[in-house]
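**Q** No letters, just coordinates:
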């Protein structure tokens, strides 16, 4: 089975449609890692697409904030993100609000993929923690038992490889190393998963990349070949920006899409 892995759409329909077009014919199912809404001008359209097409979706911190759930205070967001959350809260239809409210706020294991775990932020703090360094990744590897975990939230594509060293007699030494890989577009890696080889994988953000590349980011996971392919695709940024202006969303949120930060 081939999986289209998307995360952090953030109400950016133009980016989502470009990703779907770019991946056409290359996937059998869709896994969404959360933050379907927030920041962008088309929350209802993006939620509707995920409802219709994603076989798996977890909740993100912006989704949670839009719902007004306890545990995330919208006042803890920066002023621009808070304005976008409140606008989205007023814009979201009851049907789409109800769908977001059904999304799991804990890591889940996909059907038929026992060695994978899926969450928005991290296994340790599923809605909020940023896995941005090898040290944080190492702490999170201790939290889950599966060989691989898919995360989003940072808006930056990344691969963290956990490797348990073996000695001369092929015995486990107990020494663990963490490799941090920044995958290039179209880079495909073999997932050599085992008791001594584990990974945390981040596909980056569809709707608001923050790695200085404005193109929408996603990944293709092949569960038969056990491979992960990082992908990027351009989308009509000016279309998203014009809709954001019409919605009177913050200028900085509009401008940053040009630069991928």
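**A** That came through fine. Values in this document were obtained by computation on a predicted structure and should not be read as measured data. Numbering: from 1, shown residues only.
**Q** where in the chain is pLDDT low?
**A** For the chain, the stretches with pLDDT under 70 are 166-173.
**Q** in it, which spans are strands?
**A** For the chain, strands defined by DSSP state E occupy the ranges 2-6, 29-32, 56-57, 116-118, 148-150, 158-166, 172-181, 188-190, 197-202, 216-222, 227-233.
**Q** and the nearest residue to residue 179 once chain neighbours are set aside, bridged to which residues?
**A** Excluding the flanking residues, the one nearest residue 179 by C-beta to C-beta, 6 or more residues apart in numbering is residue 161, at 4.1 Å. Where you see a C-beta, it was placed from the backbone N, CA and C, and this is true even at glycine. Listed by DSSP bridges, the beta-bridge partners for residue 161 are residue 179, residue 199.
**Q** how far away is residue 161 from residue 155?
**A** Distance of residue 161 to residue 155, given as C-beta to C-beta, to the nearest Å: 21 Å.
**Q** Between these two, which is the more surrounded one?
**A** For residue 161 and residue 155, the more surrounded residue by other C-beta atoms under 10 Å is residue 155, and the numbers stand at 22 against 19.
**Q** what sits against that one?
**A** By C-beta atoms under 8 Å, 6 or more residues apart in numbering, the contact list for residue 155 reads 8, 204-205, 208-211.
**Q** Residue 174 too?
**A** Neighbour list for residue 174: 164-165 [criterion: C-beta under 8 Å, 6+ apart].
**Q** What separation is there between it and residue 72?
**A** Look at residue 174 and residue 72: by C-beta to C-beta, they are 38 Å apart.
**Q** Now do the helices in the chain.
**A** 13-22, 43-53, 61-67, 79-91, 94-102, 134-141, 237-246, 251-256 (DSSP state H).
**Q** among the ones you listed, which is nearest residue 117?
**A** helix 134-141 (10.3 Å; C-beta to C-beta).
**Q** quick one, the closest one and strand 158-166 angle?
**A** With axes from the mean of the first three to the mean of the last three C-alpha atoms, to 10 degrees defining the directions, helix 134-141 sits at 70 degrees from strand 158-166.
**Q** what's in contact with helix 134-141?
**A** 122-124, 129-131, 149, 160, 162, 176, 178-180, 198, 200.
**Q** With stretch 60-72 instead?
**A** With contact meaning C-beta under 8 Å, 6+ apart, stretch 60-72 is reached by 7-8, 10, 33-39, 43, 74, 77, 81, 85, 88-89, 92, 97, 100-101, 103, 105, 120-121, 127-128, 152-153.
**Q** Not counting its neighbours along the chain, what's nearest residue 146?
**A** Per C-beta to C-beta, 6+ apart, closest to residue 146 is residue 117, 4.4 Å.
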